[in-house]
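Engineer: Here is my input; please provide its structure:
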Amino acid sequence: VQLQAYGGGLVQAGGSLRLSCAASGRTFRTYAMGWFRQAPGKEREFVARITWSGGSTLYADSVKGRFIISRDNAKKMMYLQMNSLKPEDTAVYYCATKLSPSGGYNYWGQGTLVTVSS
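Structural biologist: Numbering: from 1, shown residues only. Here you go, the predicted structure:
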């Protein structure tokens with residue numbers, strides 16, 4: 001499975017941005033896809049995830065109510081709509097997939113940088 005994340009950029013606080021993640025390869029085994037982020041000097045953290053078949057979602061508390069994760073199975077795409085952005089949302093955002101409910105994420109894409117200015 002190959003993943004390509006894009007859509008990052010520079011946005012002012014309070015603004016919105018939409019990230020996309022394109023999946024290719026043997027995606028039929030995917031259980032869920034997720035977004036993670038890593039801010040400068042910090043560890044990578046979970047942002048949100050969506051199951052591939054049922055579309056069940058899960059969000060980190062820090063983004064709940066502001067970010068919306070979605071997917072388009074036919075296009076093999078995943079999205080992250082980010083609203084009411086804050087400077088603390090500044091990070092490199094990564095998309096990833098996992099093949100089963102247990103365990104970690106198996107495949108990772110390259111990151112896309114989101115910078116939120118105050």
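
Engineer: Provide a list of residues in contact with E88.
Structural biologist: 39, 62, 116 (Cβ atoms under 8 Å, 6 or more residues apart in numbering). Every residue, glycine included, has its C-beta placed from N, CA and C.

Engineer: which residues pair with the residue nearest the centre of the chain across the strands?
Structural biologist: By Cα atoms, centre = their mean, the chain has its centre lying nearest to W35, at 2.5 Å. For W35, the beta-bridge partners are A48, C95 (DSSP bridges).

Engineer: what's the neighbour count on G111?
Structural biologist: 17 (other Cβ atoms under 10 Å).

Engineer: now the one 5 residues further on
Structural biologist: Using other Cβ under 10 Å, V116 has 20 other residues around it.

Engineer: and which of the contacts of E88 is nearest to W52?
Structural biologist: Within those, proximity to W52 (Cβ to Cβ) peaks at S62, which comes in at 24.1 Å.

Engineer: and that closest one, what does it touch?
Structural biologist: E88.

Engineer: and it, what helix or strand is that in?
Structural biologist: Using DSSP states H and E, S62 sits within no helix or strand.

Engineer: Tell me the spacing between it and A48.
Structural biologist: 10 Å (Cβ to Cβ, to the nearest Å).

Engineer: And R66, its phi and psi?
Structural biologist: Backbone torsions for R66, taken as degrees, to the nearest 10, come to phi -110, psi -40.

Engineer: which non-adjacent residue is nearest it?
Structural biologist: Closest residue to R66 apart from its sequence neighbours, by Cβ to Cβ, 6 or more residues apart in numbering: S84 at 4.7 Å.
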